[in-house]
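Predicted model and sequence follow; I will ask about them next.
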Amino acid sequence: MTTTVLVLNAGSSSLKFALFDMQQHSLMMEGIAERLNADESCIKFSTSENESAEITESGLNHKTALEKIIQQMKPYPKPQVVGHRVVHGGEYFREAVIINDQVIEKIEACIELAPLHNPANLIGIQAAVENFVDVPQVAIFDTAFHASLPEKAYLYALPYDLYKEQSVRRYGFHGTSHQYVSQKAAQSIEEPIEQLNMVVAHLGNGCSATAVAAGKSVDTTMGMTPLEGLVMGTRSGSIDPAILLYLTSHKNMTIEEVDQLLNKKSGLLGLSGLSNDMRTLEQARLEGHQGAAIAIDVFCYRLAKHIAALLVSLKSFDALVFTGGIGENSSFIREKTCEQLEVLGVFIDASKNQNLAKKSIGKISCSDSTAQVWVVPTNEELMIAKQSIELISA
Ligand code: ADP
């Protein structure tokens, strides 16, 4: 029986890894290789026994870093499957797949939709294939959970040919997290997920909210790319598209400059002029920093507004679920967001909200709240491991 799964999440200069024993549903080892292809690469490891190690070496790439990681994994059973996070599956992939040449071709075909992410994911796959010749490799797509979006939710009001011929449509992201968290929430609510309608707000550096009906994504805030929707750490979220025309035609900005502006210099960082990190902003706000206060105001208002908007896709509003670094840890952001949902009958219990233990699942709503409000820590790696096992065991 297959029990050991290696999960890989490759970025352009990083490789996150996690080794699971799926018989116990437990993490054995995890870590990250950073600054790959640079002068001084570094791999950090930690084990379930709280042992940690660090390797610093110049010029590691994804393949050689993975070799080092495999050496460190020697005390554990060899993985029987490797699960890869792949950001964009376009319209090709509605679920996890075992990787073969055709799958690689299709992931390559999606590069134009995710030019920053898919090439890095492919490098990670290549490194794993070379290091684990006889081990099946599985791709888990961030977009797959949103394959259930109805046409009215995924189409932009653009000429229809742009969708048919150029694949311009909304895809949605963070799917693995939204799926995991909605399943966990249903377990905690103790109702079959088929009977629940909820909104999941994944608030990390990237932020998105998804309406989940009977366990399926029916609408989500991110679009063709992860730039659409909520205010994020450095991304603007939704803006009037005419701003792009204004900046390029009247302010002579190049496309690259506009890209940088929207993806790297906007969001919490752009508004506050201080930081993309919510912890820093909360502290600065308490110390009277105006920019931090404004950034937090816009963040929470936009979030509440999108949650309300997502409700039109649901038949009832049974639960609102917070997850991600901000959603799991910031009682202040949860409170400030829910305050703006009181018109919908959503009320949270201040004491439950503030006293929720770190990394724990908890209900923070009052008993008379129309929708229950939950905090559920996400675990995308575990979900990838679970789906990988299920696929190769099927
Ligand atoms: P990523 O999307 O990179 O996985 P995370 O899910 O780790 O990011 O979320 C990072 C965000 O969570 C940062 O803005 C960070 O400041 C915020 N965060 C983490 N802990 C807290 C906290 N205690 N209070 C407020 N924000 C927090």
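Okay, I see it. Residues are numbered from 1 along each chain as shown.

mind listing the helices for the stretch 251-394 of the chain?
Taking DSSP state H, counting those that start in this stretch as the criterion, the stretch 251-394 of the chain carries its helices at 255-264, 267-272, 278-286, 290-310, 324-329, 331-339, 350-355, 380-393.

Tell me the gap between the last one and the middle of its chain.
It refers to helix 380-393. Relative to the chain's own centre, helix 380-393 is displaced by 16 Å; criterion: CA atoms, centre = their mean, to the nearest Å.

Any residue of that helix touching the ligand?
No: applying CB under 6 Å from any ligand atom, one finds helix 380-393 separated from the ligand by no less than 8.5 Å. The C-beta positions use only the backbone N, C-alpha and C, and glycine is treated the same way.

Now the residue of the stretch 101-250 of the chain found nearest the ligand. Nearest residue, chain neighbours left out?
Here the residue of the stretch 101-250 of the chain nearest the ligand is Gly204; by CB to the nearest ligand atom that distance is 2.6 Å. Ranked by CB to CB, 6 or more residues apart in numbering and with sequence neighbours excluded, the top spatial neighbour of Gly204 is Gly324, at 3.7 Å.

isn't that neighbour right up against Thr378?
Yes: counting by CB atoms under 8 Å, Thr378 is a contact partner of Gly324 at 6.2 Å.

Quickly list what's touching both of the two.
177, 202 (CB atoms under 8 Å, 6 or more residues apart in numbering).

Figure out which of the helices of the stretch 251-394 of the chain is closest to His62.
In terms of CB to CB, the element of those nearest to His62 is helix 380-393, at 17.5 Å.

Run through who's touching stretch 335-351.
With CB under 8 Å, 6+ apart as the criterion, stretch 335-351 contacts 201, 296, 300-301, 303-305, 307-308, 311, 317, 320, 334, 353, 364-366, 368-371, 373.

one more time with 10 Å, if that's ok
With CB atoms under 10 Å, 6 or more residues apart in numbering as the test, stretch 335-351 has contacts from 199, 201, 203, 296-297, 299-305, 307-308, 311, 317, 320, 322, 327, 330-331, 334, 353-355, 363-373.

residues in contact with Leu27?
Applying CB under 10 Å, 6+ apart, the residues near Leu27 are 7, 18-21, 46-48, 379, 381-382, 385.

what does the average pLDDT come to for the helix or strand Lys68 falls within?
Following DSSP states H and E, one finds Lys68 within helix 62-72. In this model, helix 62-72 has a mean pLDDT of 93.

can you pull the buried residues of that helix?
62-66, 68-70, 72 (16 or more other CB atoms under 10 Å).

Dump the residues you listed to a markdown table, plus distance to Cys42.
Below are the buried residues of helix 62-72 laid out as a markdown table (distance: CB to CB, whole Å):
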| residue | distance to Cys42 |
| --- | --- |
| His62 | 14 |
| Lys63 | 16 |
| Thr64 | 13 |
| Ala65 | 10 |
| Leu66 | 14 |
| Lys68 | 11 |
| Ile69 | 12 |
| Ile70 | 17 |
| Gln72 | 13 |
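
Closest one to His88 out of the residues you listed, please.
For those, the nearest to His88 is His62 (18.7 Å; CB to CB).

For this structure, which segments count as strands?
4-10, 15-21, 26-34, 41-47, 52-57, 81-86, 97-98, 137-141, 197-203, 207-213, 216-220, 319-323, 362-363, 372-375 (DSSP state E).

List the residues that contact the residue nearest to the spatial centre of the chain.
Geometric centre of the chain, nearest residue: His174, 3.3 Å, by CA atoms, centre = their mean. Contact analysis of His174 by CB under 10 Å, 6+ apart lists 87, 142-143, 145-146, 181, 200, 202, 204, 206-210, 220-222, 226, 323-324, 378, 380.

Got the phi and psi for it?
phi 60, psi 20 (degrees, to the nearest 10).

From His146, how far out is it?
To His146, His174 is 9 Å away according to CB to CB, to the nearest Å.

shouldn't Ile107 be in contact with Pro119?
Yes: assessed by CB atoms under 10 Å, Ile107 is found in contact with Pro119 at 9.4 Å.

if we can go back for a sec, quick one, which of the contacts of Leu27 has the minimum pLDDT?
Minimum pLDDT across the contacts of Leu27 falls on Ser48, with 88.

Please look at it and His25 and confirm they touch.
No: contact status for Ser48 versus His25: not in contact, 11.9 Å apart, counting by CB under 10 Å.

And Ile107 and Pro119? Which one has more around it.
The neighbour comparison of Ile107 against Pro119 (other CB atoms under 10 Å) goes to Ile107, with 27 against 14.

check contacts around the more buried one.
84, 86-90, 92-93, 97, 99, 114, 118-119, 121-122, 125, 139, 141.

Any idea how many residues pack against Lys251?
9.

actually Gly83, sorry about that
Neighbours around Gly83, by other CB under 10 Å: 30.

and the gap between the closest residue to it other than its chain neighbours and the ligand?
Spatial nearest neighbour of Gly83, chain neighbours left out: Ser388 (3.4 Å); criterion: CB to CB, 6+ apart. As judged by CB to the nearest ligand atom, to the nearest Å, Ser388 and the ligand stand 20 Å apart.

Let me know whether Gln71 touches Met29 as I believe.
No: using CB under 10 Å, Gln71 is not in contact with Met29; the gap is 11.8 Å.

Are there residues contacting both of the two? Which ones?
Counting by CB under 10 Å, 6+ apart, nothing touches both Gln71 and Met29.

Run through the residues that contact Arg279.
Arg279 neighbours (CB under 10 Å, 6+ apart): 325-326, 329-330.

likewise Ile239?
Counting by CB under 10 Å, 6+ apart, Ile239 has contacts 227-228, 262, 266.

Likewise for Ser330?
203, 278-279, 281-282, 296, 322, 324, 336-337, 353, 375.

mind checking the end-to-end distance for stretch 220-240?
End-to-end distance for stretch 220-240, by CA to CA, to the nearest Å: 18 Å.

Please apply the same query to stretch 350-366.
Start-to-end, stretch 350-366 (CA to CA) is 9 Å.
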